[in-house]
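K.L.:
Predicted model, plus sequence, below.
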Amino acid sequence: MYSYNQLANYYDLLMDDVDYEAWVKYIINIFGKYNCTPKSILDTACGTGNISIPLSKAGYEVWGVDISEDMLSIAENKTRLEKQKIKYLKQDISSLNVNRKFDAVLCMCDGVNYIIEEDNLSEYFRNVFNLMENNGIFIFDISSYSKLYETLGNNVLYQDKNNIFYIWDNIFNENDSTIEMNITFFVPYNDLYKKFEEFHIQKAYKEEELTELLTDAGFVIRGIYGAFGFEAPAYENDRLFFVAQKNWF
């Protein structure tokens, strides 16, 4: 079972209730709060382009990186339909290799949670730092520790959405703070249902762990917020946003 293989074809249907325009508005509000006026943005773990495309339409030069060829193929098709120009690269974000610098780097929708080894996350942060212009801003979100540990961990969840049925069987490993998600999908196919499975694993990170790794990479931490606001996060927040800057003073 592989992450975002067959799922890529159904990802946007399953995520159609996510207000990506609100995500983009929040990102732009963060730019404003920290007096940043980026022209170029690297969207890491860009998926099917749901953040990249609205940013491109807002006038930014956008590049997108993702490990899934299937997700990138969908992103490219959507980008053409929207008459935008975005350069997409197939890469593992934990070993980024891009031949230019950017004013801003993003990692939205749990991308950091998917980097489960601390050494790989440290390398990702260092690579992002090196890919950024001075005073460049780095914004990423995570599913919080409490969400992965308490809400999803060691639970079996069932959902029915857009005539697609899926079951999450989740196991939280307290030894390394990872959650293993075995997901079984049933999708319409010739008046019947086709079954496929995917395996996802995420790491539940705590604020202090990420702060230390960002600082070690050279970043200045500018803010950590509960989702879509500018207040300090509470334990029960499902999603946290981190804002860091390069060579800010």
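P.N.:
All right, it came through fine.

K.L.:
ranges for the strands of the chain?
P.N.:
Taking DSSP state E, the strands of the chain run over residues 40-44, 61-66, 86-90, 102-107, 132-143, 156-161, 164-173, 178-189, 192-203, 219-226, 239-246.

K.L.:
Run through who's touching stretch 68-83.
P.N.:
3-6, 8-9, 11-12, 46-49, 52-53, 56-57, 64, 66, 85-86, 88, 90 (CB atoms under 8 Å, 6 or more residues apart in numbering). Using the backbone N, CA and C atoms, a C-beta is placed for each residue, glycine as well.

K.L.:
measure the residue of the chain positioned farthest from its centre to Ser73 for me?
P.N.:
Of all residues in the chain, Asp191 has its C-alpha farthest from the mean position, at 34.5 Å, by CA atoms, centre = their mean. Asp191 sits 27 Å away from Ser73, taking CB to CB, to the nearest Å as the criterion.

K.L.:
Let me see the domain layout of the protein.
P.N.:
6-143+204-246, 147-203 (automatic domain parsing).

K.L.:
Would you format the ones you listed as TSV with mean pLDDT included?
P.N.:
Compiled in TSV, these are given as follows (pLDDT from 0 to 100):
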stretch	mean pLDDT
domain 6-143+204-246	96
domain 147-203	93
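
K.L.:
which of the ones you listed is buried the deepest?
P.N.:
domain 6-143+204-246 (a mean of 18; mean count of other CB atoms under 10 Å).

K.L.:
what distance separates the start and the end of that domain?
P.N.:
38 Å (CA to CA, to the nearest Å).

K.L.:
for stretch 230-247, same thing?
P.N.:
22 Å.

K.L.:
Name the residues that touch it?
P.N.:
So stretch 230-247 is contacted by 26, 30, 33-34, 129, 132-144, 146-147, 151, 207, 210, 214, 218-228 (CB under 8 Å, 6+ apart).

K.L.:
about what we covered before: okay if I get the strands of the chain as a markdown table plus distance to Asn77?
P.N.:
Shown next, in a markdown table, are those (distance: least, CB to CB, whole Å):
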| stretch | distance to Asn77 |
| --- | --- |
| strand 40-44 | 17 |
| strand 61-66 | 13 |
| strand 86-90 | 11 |
| strand 102-107 | 21 |
| strand 132-143 | 25 |
| strand 156-161 | 22 |
| strand 164-173 | 20 |
| strand 178-189 | 19 |
| strand 192-203 | 21 |
| strand 219-226 | 33 |
| strand 239-246 | 28 |
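
K.L.:
Go through those and name the closest to Asp119.
P.N.:
Nearest of these to Asp119, taken as CB to CB: strand 192-203 at 12.2 Å.

K.L.:
in its sheet, what does that closest one sit against?
P.N.:
strand 178-189 (antiparallel) (DSSP bridges).

K.L.:
What separation is there between Ala104 and Asp70?
P.N.:
With CB to CB as the criterion, Ala104 and Asp70 are 26 Å apart.

K.L.:
Equivalent analysis for Trp23, please.
P.N.:
Where Asp70 is concerned, Trp23 sits at a distance of 22 Å (CB to CB).

K.L.:
which residues sit in contact with Asn182?
P.N.:
Asn182 touches 1, 168-170, 197, 199, counting by CB under 8 Å, 6+ apart.

K.L.:
can you put the residues you listed in a markdown table and add distance to Arg100?
P.N.:
Conversion of these to a markdown table gives the following (distance: CB to CB, whole Å):
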| residue | distance to Arg100 |
| --- | --- |
| Met1 | 35 |
| Trp168 | 39 |
| Asp169 | 42 |
| Asn170 | 39 |
| Glu197 | 38 |
| Phe199 | 34 |
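
K.L.:
Going by distance to Asp17, which of these wins?
P.N.:
Trp168 (16.8 Å).
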